[in-house]
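Participant: Return atomic coordinates for the entry below.
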Amino acid sequence: MQIYLVGGAIRDRLLGLPTPYENDWVVVNGTPDELIAQGYIKVGKSFPVFIDPKSGEEYALARTERKTGEGYHGFEFDAGPHVTLEEDLSRRDLTINAIAQNHDGLLLDPFHGQKDIENKTLRHVSDAFQEDPLRVLRIARFKAKLSPFDFVIAEETKTLINEIVDRGELSSLVPERTWLETEKVLQGVGFNEYFKTLIEFKALDDTYPDLAGLDLSFFSHPIIQKAADEDHSKQFRFASIFYALIKEGKKNVKDKLDSMQNNMRFANAYKDIPVLLISSFELIQRDLSEYSADHLLTILETLDALRRPNNLEATLNLLMLDADDDFIQKRNLLQLSLDLVKNIKINNLQESGLEGNEIARKIREIRLIAIKKDIENSNI
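Facilitator: As a prediction, this is how the structure comes out:
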């Protein structure tokens, strides 16, 4: 039984990317029983994949794939001990991901992935690339991940991608699987290059129907570009797309967001910031001269910032992607107002004989007076 390091860890090391790398291993001339006997835990259903309980790293038996049906599910696997390392590497998507390393550190590169790394080229390993429509998303993701290195897609690979798109195979992708690729691309800088690549291949409408019709210039929007260039969370980068939609005057942005979540089943955490922005954008965009105590408190109430202060911070951070001097003043006023009302202690209102809505109105009145007084005394 021979074990080889494969794929992304080798690629990223050759590119000089910082550690840690995600190590994946392939086992040649091995069997499930041998790995289980050595303490590995089987987790794969479609084909044998095992986890090393000590490192948590993934070990897969070398395998071949044979297309048996449509879409990315239509494959038959052979993971017998007779499968060679080269056969396993030949089923991989790109040459830069088809490099292996043995226990002595020797690189095994039958498909010339090192040369393509040197030439900054994304090239398919074999024509089997076109058998799996998910690879269109994967190559778009790698183009985004490697955008700091200016990788280009080989012309012959572009031809295969166009054939996949023209056959309509992208419609076979399950939306939840598309979202998994989206999450991965949102983790890194240059995420907008992913969407731009899909647009170049006329693949966006089939894979992201709720973003259908958007063009290359949209994903170069300064708001999205800044979110892509800077260090932000996945949720923040995702929210920047909807901020750009709002700034571009697109209609029914909330409906697009709701539909996208219904289709792709992504976590509410990705929806939170866009929803906050959609609910408060028109209020925050008002002219600075309209920022009275009542207006400031209305924004805080709309964002539920009195109970959830992080809502204000998240919304303002997103708006900072497109900030001018007036917005800086608005941000300072909102932060000052929130700090002020949070520290107001309201006691004994029930003893005053007030009830229900009267108490709520009185509390709001007290907060307004405090904000107004503080604004007059501030230099903002």
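Participant: make it CA atoms for all contacts and neighbour counts henceforth
Facilitator: Noted.
Participant: Local confidence estimate at E355?
Facilitator: Confidence at E355, expressed as pLDDT, is 66.
Participant: er, A100 I mean
Facilitator: At A100, pLDDT is 98.
Participant: you'd agree it is up against A9?
Facilitator: No - between A100 and A9 there is no contact under Cα atoms under 8 Å: 9.6 Å.
Participant: Who has more neighbours out of the two?
Facilitator: A100 (26 against 21; other Cα atoms under 10 Å).
Participant: Phi and psi next, for that one.
Facilitator: phi -120, psi 160 (degrees, to the nearest 10).
Participant: The spatially closest residue to it that is not a sequence neighbour: what's it in contact with?
Facilitator: Nearest non-adjacent residue to A100, counting by Cα to Cα, 6 or more residues apart in numbering: V6, 4.4 Å away. Counting by Cα atoms under 8 Å, 6 or more residues apart in numbering, V6 touches N23, D24, W25, V26, N97, A98, I99, A100, Q101.
Participant: What is the burial count for the last one?
Facilitator: Meaning Q101. 18.
Participant: Distance check, it against A9.
Facilitator: Distance, Q101 to A9, using Cα to Cα, to the nearest Å: 10 Å.
Participant: repeat for the fifth one
Facilitator: In this view, N97 and A9 are 9 Å apart by Cα to Cα.
Participant: What of the third one?
Facilitator: Taking Cα to Cα as the measure, W25 falls 10 Å from A9.
Participant: So L137 belongs to a helix, correct?
Facilitator: Yes - per DSSP: H, G, I helix; E, B strand; the rest coil, L137 lies within a helix segment.
Participant: Let me know the pLDDT of it.
Facilitator: 98.
Participant: Give me the spatial nearest neighbour of it, chain neighbours excluded.
Facilitator: With Cα to Cα, 6+ apart as the criterion, L137 has its nearest non-adjacent residue at 7.0 Å, and that residue is E181.
Participant: In three-state terms, label that neighbour for me.
Facilitator: From three-state DSSP, the assignment for E181 is helix.
Participant: List the contacts of it.
Facilitator: Taking Cα under 8 Å, 6+ apart as the definition, contacts of E181 comprise L137, R138, R141.
Participant: got it, and P81?
Facilitator: P81 touches V28, N29, G30, T31, A62, counting by Cα under 8 Å, 6+ apart.
Participant: per-residue pLDDT, the first one?
Facilitator: Here, the pLDDT recorded for V28 equals 98.
Participant: what's the neighbour count on it?
Facilitator: The number of residues packed near V28 is 22, by other Cα under 10 Å.
Participant: Report the beta-bridge partners for it.
Facilitator: Q2 (DSSP bridges).
Participant: how close does it get to S259?
Facilitator: From V28 to S259 the distance is 45 Å (Cα to Cα).
Participant: and what of the last one?
Facilitator: Computed with Cα to Cα, the distance linking A62 and S259 is 40 Å.
Participant: Who has more neighbours out of the two?
Facilitator: A62 (29 against 14).
Participant: you'd agree the more buried one is up against D88?
Facilitator: Yes - with contact defined as Cα under 8 Å, A62 reaches D88; the gap is 5.3 Å.
Participant: that older thread, among the contacts of P81, which two are most distant?
Facilitator: For those, the maximum inter-member distance is 9.8 Å, found between T31 and A62 (Cα to Cα).
Participant: returning to what we had before: per-residue pLDDT, the residue nearest to L137?
Facilitator: The per-residue pLDDT of E181 was computed as 98.
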